[in-house]
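*Asks:* Predicted coordinates and the sequence they were generated for:
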Amino acid sequence: MSELHEDHELDCKGLNCPLPILKTKKAIDGMAGGQILKMIATDPGSINDVQAFTKRTKHELMESISDNGEYIFYIRKS
């Protein structure tokens, strides 16, 4: 597991595209710069979605973990 410590956690398990990324955007919008969001999803499409989202928004994808059908992302707000 990750050594990173998140400021907020978002559970998107069971949600399909585009909901995980929409909820991630909303959560990050409510956070302060430099804070870390841990987002957990079960949709395999969220891997590409989160990579595209962080590239487009300039937030930092610090870590991406795949664990037993769960996809865990640590995103630092820019």
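*Replies:* Received, thanks. Just so it is clear, the model here is predicted, and its values are computed rather than measured.
*Asks:* which stretch of helix or strand covers residue 20?
*Replies:* helix 19-29 (DSSP states H and E).
*Asks:* what residues does that helix touch?
*Replies:* Residues outside helix 19-29 that contact it (Cβ atoms under 8 Å, 6 or more residues apart in numbering) are 8, 10, 12, 15, 37, 39, 41, 43, 46, 49-50, 53, 57, 59, 73, 75, 77. Where C-beta positions appear, they are placed from N, C-alpha and C, glycine not excepted.
*Asks:* tell me which residues of stretch 42-60 are tucked away?
*Replies:* 42-43, 46, 49-50, 53-54, 59 (16 or more other Cβ atoms under 10 Å).
*Asks:* Show me the helices in this structure, by range?
*Replies:* 19-29, 46-57 (DSSP state H).
*Asks:* Throw those into TSV and include distance to residue 4, thanks.
*Replies:* Output for those, formatted as TSV (distance: least, Cβ to Cβ, whole Å):
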stretch	distance to residue 4
helix 19-29	15
helix 46-57	15
